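*Asks:* Got a predicted model here, sequence first, then my questions.
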Amino acid sequence: MNEKLEKLNRQKTAAEKKLIAAQHREKQLEHELKRLTRSERTHRLCTRAGMLEKFLREPTLLTDDDVMELLTFLFHDEAAQKKLDTLIEERRKTLTTDGSENPLF
């Protein structure tokens with residue numbers, strides 16, 4: 001009986017060690033996913049900011065508030081909102097049919 005108990009305790013200890021290792025690996029993977037997500041977001045923000053600056057005549061002269069005012073003015077237009085809605089709807093259709101792109105970003 002004592003041998004059986006010792007064997008079960010060894011198995012329990014081994015299972016607990018495996019659980020701790022698996023939990024540690026899960027945390028590593030979550031950290032890596034966050035890093036990759038952050039990297040993708042940074043790339044997207046830099047790319048789109050570059051696109052915006054391409055259309056601003058003197059981007060270094062304008063303040064952040066100036067650019068925000070301009071964007072608010074431009075996006076308040078009904079035609080701009082309709083175009084934005086159309087682009088979003090088209091992208092959603094592409095994502096549902098294709099499925100290969102990441103809809104989170």
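*Replies:* Cool, got the structure.
*Asks:* element containing the spatially most central residue of the chain, please.
*Replies:* Centroid check for the chain by CA atoms, centre = their mean gives residue 37 as the closest residue, at 4.2 Å. When elements are assigned from DSSP states H and E, residue 37 belongs to helix 2-55.
*Asks:* Now do that helix: distance to the chain's middle.
*Replies:* 15 Å (CA atoms, centre = their mean, to the nearest Å).
*Asks:* Stretch 48-68 now?
*Replies:* The chain centre lies 25 Å from the centre of stretch 48-68; the measure is CA atoms, centre = their mean.
*Asks:* Any regions of this protein where pLDDT drops low?
*Replies:* Where the chain drops to pLDDT under 70, the residues are 99-105.
*Asks:* Okay, domains of it per the record?
*Replies:* 1-54, 59-97 (the TED database).
*Asks:* if we can go back for a sec, can you name the element that comes right after the helix holding residue 37?
*Replies:* Downstream of helix 2-55, the first helix or strand assigned by DSSP H and E is helix 64-76.
*Asks:* Give me the contacts around that following helix.
*Replies:* 52, 56, 59, 62, 80, 81, 84 (CB atoms under 8 Å, 6 or more residues apart in numbering). C-beta here means a position set from N, CA and C on the backbone, and glycine is covered the same way.
*Asks:* okay, the residues you listed in TSV with neighbour count and distance to residue 1 next?
*Replies:* Shown next, in TSV, are the contacts of helix 64-76 (neighbours: other CB atoms under 10 Å; distance: CB to CB, whole Å):
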residue	neighbour count	distance to residue 1
52	12	76
56	13	82
59	13	81
62	15	82
80	12	79
81	11	77
84	11	74
